[in-house]
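Trainee: got a predicted model here, sequence first, then my questions.
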Amino acid sequence: MLREMKTGRYVNRDLSWVEFNRRVLQEAQVSETPLLERLKFLGIVASNLDEFMAVRVAETREKIKAGFTQKDFTGYAPSGLYRRLAKRINQMVTEQYKSYRELMRMLDKKGVTFQEYGDLNATQQKAMDHYYHNIVFPLLTPMAVDQSRPFPLVHTKFVYLSVILRREDSDSEEDTYFAIVQVPSNVPRFVPVPLRANSKRKSFILIEELIKHHIQTLFTGYTPLAVHEFRLTRNADLTINEEEAEDLLEEIEKELRRRRRGAPVRLEVQKGIHPDALAELQDEFELEDIYEIDGPLDLSYLIGFADAADGVAHLKYPPIQPVYPQELAPYDSHFDVLGKQDVLMYHPYESFDAVTDFVVEAAEDPKVMAIKMTLYRVNGDSQLIPALAHAAECGKQVTVAVELKARFDEERNIAWARKLEKAGCHVVYGLVGLKTHAKIILVVRREQQGLRRYVHVGTGNYNASTAKVYTDVGLFTSNPVIGDDASELFNEITGFSGPKNLKALRIAPNGLKDELFQLIRREAEHARNGKKARIIAKINSLSNQEIIDELYLASQAGVRIDLIVRGVCCLRPGVEGLSENIRVISIVDRFLEHSRIFYFENNGDPDVYLSSADWMTRNFKRRIELMCPVYDPAAKKMVVSILLLQLKDNVRARELQPNGNYVFVKNEEPPLRSQTEAMNITSWKPQDVPMTT
């Protein structure tokens, strides 16, 4: 108990997130990972940090500004948490750029290099001059700051150049002027440089380097004294009064425009920035904490660079070839198969095309009467949108619950909503105060025996792009109990129907958390009675205090608990008298672990669930979430196999220690990398895996 009191019962959510992003950074430092993939992980670290600063750190700053001093359940007041976060983030960014410089040196040895303008030969400089004057220069707008021209709007997360100038006819060193230039984002950040004669080296130059060299073209009559990059991150949270909004779509569009002027949260500046420029920026944005960056700002460009680089396949992972689910491939119709059995899919190892084909077939099938679907995040070239539109144009009843408040996808979802409405679909935006985060498709088909419901439930978004890089699980079923509950769910989303006594599905905010409590408590009771008891949960985040406390009690009752938590975990495992029966691992690897799967032993008669919900307060209270049981024996065996495979990972799995740190799993077992093993899905997709663990 002394140990528990020393460490505290909980890990702070935001500090736990920083540790997660550090695990992502570790992937950029693993020597076995292909070089361009390591650079890609550096870009992911930058992208993750951008969102964290714009949302979580912004919220903490707002609390400090409002004078909020109350501690959260992990023991942190906003001011103390902010200081701790700032210190850890600075340390992580320093480590990130150290890795960047090391990887760039390694890339150079592999014949791929980023150069400065002065390193180019005359022929290359001429080509880059041509590119600048014809492609870049027309897009640039120099913006002076003086008494008659106030500081212009600086957009969040764009790279800008600060420019200190002096008149060419001035002799005074103090007679300087200040201007900024936005680096255009609608042209590639990295520009290919023509090959040198008799060389196969691939060279690139960053667009800001081109602009810096040609900065004089924007300020004739002035001498540029110093040109440096800077970048601002603003508060990105939307504040929407849904109760009073007459038109939610219009209200969100207004709020998106207000987001452009969100409160400044973070200012990044290039190392060595001119002190006058820094003073101007600090005065404008009123930020004391400055992130001085020794390298290019915004390394998220490395994600696109790693994907776009040609002729260097040996520096990337071999492309994965998702297989079409073997249960569906030999048949012409999804409905013929699903009328006889459930089908469980494991993405990205199995192709998301099966989901798209399901909707396309439903749109074309004259026996289909209605299609209902939730959309949270959809890829830009999704085939689902035209399929749903076509179904409506063919006279089918098509209902789509589009979540307009999906963070950073709001504008895209507004466009989809308008397109679907124009085609004749019934488009709804969910319930007031709740995000529709459940992933479900319901197809109602007229058959010889009467109407039959076909359902797809997933742990991830209906997004063909992310389905190639996220691990998710999806279930096709025609189980009538699940179908009945799916109809009730859509009635609740679209109408005034209140939650009813559902037989299979559990829905947040009504019932899902309570069901989890009952399942956890049942395992605890089994353990106390000497029966088989075990819990395995695979989730992205665990931060709800009530669920954590229930898991602590189950551990104390003797339940063996294995948690596979990719990101935030506020639970402390392995604390004597509190959580010694709980093990927490995190797997960070090539693909983003995204599936939510729950297993409860139930004295040898296991219950297995798929869900859209992480174990966070927002998922239980402020979102429409879904938890679906897996009834089909073969599908259930498949889910259990996925969990067991991940629990055996001793290559990319890290184990959470009681002090909040993570260490790589080391044991005497042969090396097993779960994602690599999963790629051979056709060889291990089980038919006879034991049901108990």
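Mentor: Structure's in. What do you need? A quick note: this is a predicted structure, and the numbers were derived from the prediction, not measured.
Trainee: leaving out the residues flanking it, which one is nearest to I273?
Mentor: H228 (4.2 Å; Cβ to Cβ, 6 or more residues apart in numbering). Any C-beta I mention is one placed from the backbone N, CA and C, and that applies to glycine too.
Trainee: okay, now the sheet partners of the helix or strand encompassing the one you found, with direction.
Mentor: Secondary structure assignment for H228, by DSSP states H and E: strand 222-234. Take DSSP bridges as the rule and strand 222-234 pairs in its sheet with strand 159-167 (antiparallel), strand 264-270 (antiparallel).
Trainee: average pLDDT across the first one?
Mentor: Computed over strand 159-167, the mean pLDDT rounds to 95.
Trainee: okay, now the unreliable bits of the stretch 51-200 of the chain?
Mentor: Applying pLDDT under 70 to the stretch 51-200 of the chain flags residues 172-173.
Trainee: part of a strand, is V432?
Mentor: No: under DSSP: H, G, I helix; E, B strand; the rest coil, V432 falls outside any strand and is assigned coil.
Trainee: burial of the residue lying closest to N461 once chain neighbours are set aside, as a residue count?
Mentor: Using Cβ to Cβ, 6+ apart and skipping the chain neighbours, the partner closest in space to N461 is R377 (4.2 Å). Around R377 there are 19 other residues, counting by other Cβ atoms under 10 Å.
Trainee: isn't R377 right next to A464, touching?
Mentor: No: the pair R377 and A464 does not pass the contact test of Cβ atoms under 8 Å, sitting 11.0 Å apart.
Trainee: wait, L571 touches I582, no?
Mentor: Yes: contact criterion Cβ under 8 Å: L571 and I582 qualify, at 6.9 Å.
Trainee: shared neighbours of these two, anything?
Mentor: The contact sets of L571 and I582 overlap at 551-552, 563 (Cβ atoms under 8 Å, 6 or more residues apart in numbering).
Trainee: switch those residues over to CSV; also include pLDDT, neighbour count and secondary structure.
Mentor: Shown next, in CSV, are the shared contacts of L571 and I582 (pLDDT from 0 to 100; neighbours: other Cβ atoms under 10 Å; DSSP: H, G, I helix; E, B strand; the rest coil):
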residue, pLDDT, neighbour count, secondary structure
L551, 98, 26, helix
Y552, 98, 23, helix
L563, 98, 21, strand
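Trainee: which one of the residues you listed is nearest A179?
Mentor: L563 (53.0 Å; Cβ to Cβ).
Trainee: check which helix or strand covers the nearest residue to the closest one once chain neighbours are set aside.
Mentor: Excluding the flanking residues, the one nearest L563 by Cβ to Cβ, 6+ apart is V584, at 4.6 Å. Taking DSSP H and E as the definition, V584 sits inside strand 582-587.
Trainee: what are the pairing partners of that strand, and which direction each?
Mentor: Sheet pairing for strand 582-587, using DSSP bridges, gives strand 560-565 (parallel), strand 653-656 (antiparallel).
Trainee: roughly how far does N581 sit from G558?
Mentor: Relative to G558, N581 is positioned 7 Å away (Cβ to Cβ, to the nearest Å).
Trainee: for these two, indicate the residue with more neighbours.
Mentor: The neighbour comparison of N581 against G558 (other Cβ under 10 Å) goes to N581, with 22 against 14.
Trainee: and that one, what is it in contact with?
Mentor: N581 sits next to 554-556, 558-561 when contact means Cβ under 8 Å, 6+ apart.
Trainee: so which of the residues you listed belong to helices?
Mentor: The helices, defined by DSSP state H, take in 554-556 from the contacts of N581.
Trainee: out of the residues you listed, who's nearest L656?
Mentor: Scanning these for proximity to L656, where the rule is Cβ to Cβ, the winner is S555, at 14.0 Å.
Trainee: distance check, the closest one against F305.
Mentor: 45 Å.
Trainee: higher neighbour count, these two?
Mentor: Set side by side, S555 and F305 show more neighbours around S555, with 24 against 20, by other Cβ under 10 Å.
Trainee: give me the nearest residue to that one, chain neighbours excluded.
Mentor: Nearest residue to S555, sequence neighbours excluded (Cβ to Cβ, 6+ apart): N581, at 4.1 Å.
Trainee: next one: T33
Mentor: Leaving aside its sequence neighbours, T33 sits nearest to E27 (Cβ to Cβ, 6+ apart; 6.4 Å).
Trainee: quick check: phi and psi at that neighbour.
Mentor: phi -60, psi -30 (degrees, to the nearest 10).
Trainee: now do the contacts for it.
Mentor: Shown in contact with E27 (Cβ under 8 Å, 6+ apart): 33, 38, 41, 588-589.
Trainee: re the thing from before, drop anything exposed from the contacts of N581.
Mentor: 554-556, 559-561 (16 or more other Cβ atoms under 10 Å).
Trainee: list just the nearest of the residues you listed to P348.
Mentor: For those, the nearest to P348 is I561 (28.3 Å; Cβ to Cβ).
Trainee: list the buried residues of stretch 477-495.
Mentor: Buried, per 16+ other Cβ under 10 Å, within stretch 477-495: 477-479, 482-490, 492-494.
Trainee: helices along the stretch 201-350 of the chain, start to end?
Mentor: Assigned by DSSP state H, counting those that start in this stretch, the helices in the stretch 201-350 of the chain fall at 207-213, 248-259, 275-285, 301-308, 334-338.
Trainee: which neighbouring elements make contact with the shortest one?
Mentor: This points to helix 334-338. helix 353-364, strand 450-458, strand 470-477 (3 or more Cβ pairs under 8 Å, 6 or more residues apart in numbering; DSSP states H and E).
Trainee: possible to save those as JSON lines with mean pLDDT and distance to T123?
Mentor: Shown next, in JSON lines, are those (pLDDT from 0 to 100; distance: least, Cβ to Cβ, whole Å):
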{"stretch": "helix 353-364", "mean pLDDT": "96", "distance to T123": "46"}
{"stretch": "strand 450-458", "mean pLDDT": "97", "distance to T123": "53"}
{"stretch": "strand 470-477", "mean pLDDT": "97", "distance to T123": "44"}
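Trainee: most tightly packed of these?
Mentor: strand 470-477 (a mean of 24; mean count of other Cβ atoms under 10 Å).
Trainee: what is that strand packed up against?
Mentor: Other helices and strands packing on strand 470-477, by 3+ Cβ pairs under 8 Å, 6+ apart, are helix 334-338, strand 343-347, helix 353-364, strand 450-458, strand 592-593, strand 607-611, helix 633-647.
Trainee: biggest helix in the chain by residues?
Mentor: Using DSSP H to define each element, the chain has its longest helix at helix 78-109.
Trainee: following that helix, which helix or strand comes up?
Mentor: With elements assigned by DSSP H and E, the helix or strand that comes after helix 78-109 is strand 112-114.
Trainee: so what touches that following strand?
Mentor: Strand 112-114 is contacted by residues 104, 107, 190, 201-206, 309, 312, 315 when judged by Cβ under 8 Å, 6+ apart.
Trainee: perfect, that will be all.
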